[in-house]
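Novice: From the sequence below, what's the structure:
(one chain, ligands or ions: 3)
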Amino acid sequence: MDLKIIGSEEWCIFQELGIPAIKARVDSGAKTSSIQATNLKVYAKGAQEWVKFEVNPLQENRSIAIECEARLVDRRMVKSSSGISEERLVVKTPVTLGDAVFDIELTLANRDTMEFRMLLGREAINERYIVNSALEYQIQRFTDADIDEKYKSFYKEKTGLKIALLASNPNLYSNKRLIEAAEARGHEIQFLNVELAYMKLDARSPEIRYRGGNILNEFDAVIPRIKPSVTFYGCALIRQFDNLGVYCQNSAEAITQSRDKLFASQLFSKNDIHIPITGFAKSPMDTKDLIKMVNGAPLIIKLLESTQGKGVVLAETNKAAESVINAFKSVNTNILVQEFIKEANGQDIRCFVVNGKVVASMQRQAEKGEFRANIHQGGKASIVKITSEERKLAQKAAKILNLAVAGVDIIRSNKGPLLLEVNSSPGLEGIENATGKDIANEMIMAIEKKLKFSI
Ligand SMILES: Nc1ncnc2c1ncn2[C@@H]1O[C@H](COP(=O)(O)OP(=O)(O)OP(=O)(O)O)[C@@H](O)[C@H]1O
Ligand SMILES: [Mg+2]
Ligand SMILES: [Mg+2]
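Specialist: Ligands and ions are numbered 1, 2, ... in the order given. Next up is the predicted model:
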């Protein structure tokens with residue numbers, strides 16, 4: 001029999017799979033051929049089992065994913081390099097090598113760390129070819145221009161950005177508004193539940209996958225809306241998106257910093273941003289002096305990690321302050337002790353900062369008999385005109401924490417405006433309703449601007 005010479009690398013075509021060209025490493029050390037495949041789904045087609053899978057046919061390019069389907073002919077256990085046995089699916093489909101077309105069995109390798117997206121094994125080579133590993137492309141040679149031409153139709157023309165909304169509840173007002181605003185501007189936006197995404201940490205091919213194995217690799221930007229209870233995991237995910245080159249509207253570092261009231265307060269005082277006098281101590285032995293230090297009762301005690309005003313307490317007398325502080329300490333809870341700004345009369349100001357500018361602001365008035373102005377504590381929002389000092393304070397605070405989107409809370413005191421806190425996922429409902437402004441749209445436009453995308 002007259003056997004053809006085959007080199008160490010060859011181009012294969014899979015007409016039925018819809019793969020116009022894929023470079024294979026000829027590997028006589030492997031029995032069965034294999035192809036890189038992700039998102040595998042087995043299904044029944046009549047009496048047969050078939051499998052759907054995606055192939056990224058070009059090396060070092062995950063932007064093209066071809067959806068394939070082929071008949072499942074076997075399931076085999078293979079030992080991975082880590083020694084763990086895994087089941088691999090084997091499909092059968094025709095392959096074209098130059099003039100020859102023949103059926104080939106392919107193991108679906110569910111990983112994309114392969115340098116070559118395909119390996120051509122002995123079963124396919126034997127009785128057809130003689131391998132001369134000193135040579136390449138003996139069957140067919142495709143130039144870069146040939147490959148560009150073959151894949152031309154796969155490069156979709158971009159009409160908008162692909163944005164991921166990384167949050168927990170798609171039905172929240174803020175999340176619904178962000179989805180609406182992105183779509184209104186012609187972008188594609190996908191809701192991702194923080195807790196359903198998972199990561200692969202690897203220097204060569206880091207990944208983020210989502211419930212069911214889908215690889216998330218097509219996003220241009222992420223809007224993080226991380227609730228406090230998932231800060232740790234959410235920030236790890238944001239860092240992973242960042243590592244993959246995806247723009248994150250607020251960085252993991254910025255979110256982490258802003259969530260730690262003590263750390264944020266230290267950053268503020270270091271940068272000459274005025275806050276109410278604040279004390280922090282570990283030992284209960286100097287509680288009396290701690291109270292004196294912040295000008296005595298009435299004073300405010302705050303849990304380090306609190307939201308919606310839930311962990312903020314007013315102690316009216318020194319005695320009350322002392323027992324509350326020591327009670328928290330006895331259960332090892334970190335708290336801040338803060339002078340009470342009585343003259344604020346239960347009011348505070350929320351400034352919504354986007355890309356360094358205050359885009360809206362509102363005043364919140366606490367319910368009668370309550371000092372906390374939080375909407376969740378029954379506070380009422382209204383429109384307010386802020387002073388230029390307040391505007392500068394809000395913008396500076398967001399800048400110091402490096403937050404592109406921030407809800408900056410300010411309290412008006414006899415000493416002038418004081419910074420209360422900065423929120424990295426400020427709610428949209430209160431401020432949009434109070435001001436009538438389209439803040440969601442501002443946030444989407446801010447992403448376009450950062451990515452230099454014009455619509
Ligand atoms: N030192 C203070 N003096 C007077 N009032 C204060 C003081 N600190 C906080 N408040 C009031 O209590 C409210 C809640 O406080 P703070 O914003 O620090 O807590 P929070 O639980 O983090 O709320 P959120 O993150 O939801 O805005 C403030 O909006 C303000 O109305
Ligand atoms: Mg807060
Ligand atoms: Mg607050």
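Novice: Apart from its neighbours in sequence, what residue is nearest the closest residue to ligand 2 within the stretch 351-455 of the chain?
Specialist: Going by CB to the ion, ligand 2 is nearest to Glu421 of the stretch 351-455 of the chain, at 4.8 Å. The way it works is simple: take the backbone N, C-alpha and C, and place the C-beta from them, glycine included. Distance criterion CB to CB, 6 or more residues apart in numbering; nearest residue to Glu421, sequence neighbours excluded, is Asp409 at 5.1 Å.
Novice: re the thing from before, double-check that the residue of the stretch 351-455 of the chain closest to ligand 2 belongs to a strand.
Specialist: Yes. Counting by DSSP: H, G, I helix; E, B strand; the rest coil, Glu421 is found in a strand.
Novice: thinking again about what came up before, may I have the residues that are in contact with the residue nearest to Glu421?
Specialist: By CB atoms under 8 Å, 6 or more residues apart in numbering, Asp409 lies in contact with 348-351, 419-423.
Novice: so what's the residue of the stretch 351-455 of the chain closest to ligand 2 up against?
Specialist: For Glu421, the contacting residues are 261, 264, 408-409, by CB under 8 Å, 6+ apart.
Novice: do Ile277 as well
Specialist: Here Ile277 is in contact with 293-295, 338-339 (CB under 8 Å, 6+ apart).
Novice: How are the helices of the stretch 51-200 of the chain distributed by residue range?
Specialist: 122-125, 144-151, 173-184 (DSSP state H, counting those that start in this stretch).
Novice: For the ones you listed, could you give me CSV that also reports mean pLDDT?
Specialist: Formatted as CSV, the helices of the stretch 51-200 of the chain follow (pLDDT from 0 to 100):
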stretch, mean pLDDT
helix 122-125, 95
helix 144-151, 91
helix 173-184, 94
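Novice: Dihedrals phi and psi, the residue in the stretch 101-250 of the chain that ligand 1 sits nearest to?
Specialist: Residue nearest to ligand 1 within the stretch 101-250 of the chain: Pro228 (8.8 Å; CB to the nearest ligand atom). Backbone geometry at Pro228, expressed as degrees, to the nearest 10, gives phi -50, psi -40.
Novice: any idea which element Lys449 lies in?
Specialist: Using DSSP states H and E, Lys449 maps to helix 439-450.
Novice: do Thr231 as well
Specialist: helix 231-243.
Novice: Paired strands for the next helix or strand after that helix, with orientation please.
Specialist: For helix 231-243, the following helix or strand on the C-terminal side (DSSP H and E) is strand 247-248. Strand 247-248 pairs in its sheet with strand 221-224 (parallel), by DSSP bridges.
Novice: tell me the mean pLDDT for the partner strand?
Specialist: Mean pLDDT, strand 221-224: 98.
Novice: So which bits of that strand are buried?
Specialist: Buried residues in strand 221-224, counting neighbours by 16 or more other CB atoms under 10 Å, are found at 221-224.
Novice: Quick check: Thr38 touching Gly213?
Specialist: Yes. Counting by CB atoms under 8 Å, Thr38 does reach Gly213; the two are 7.1 Å apart.
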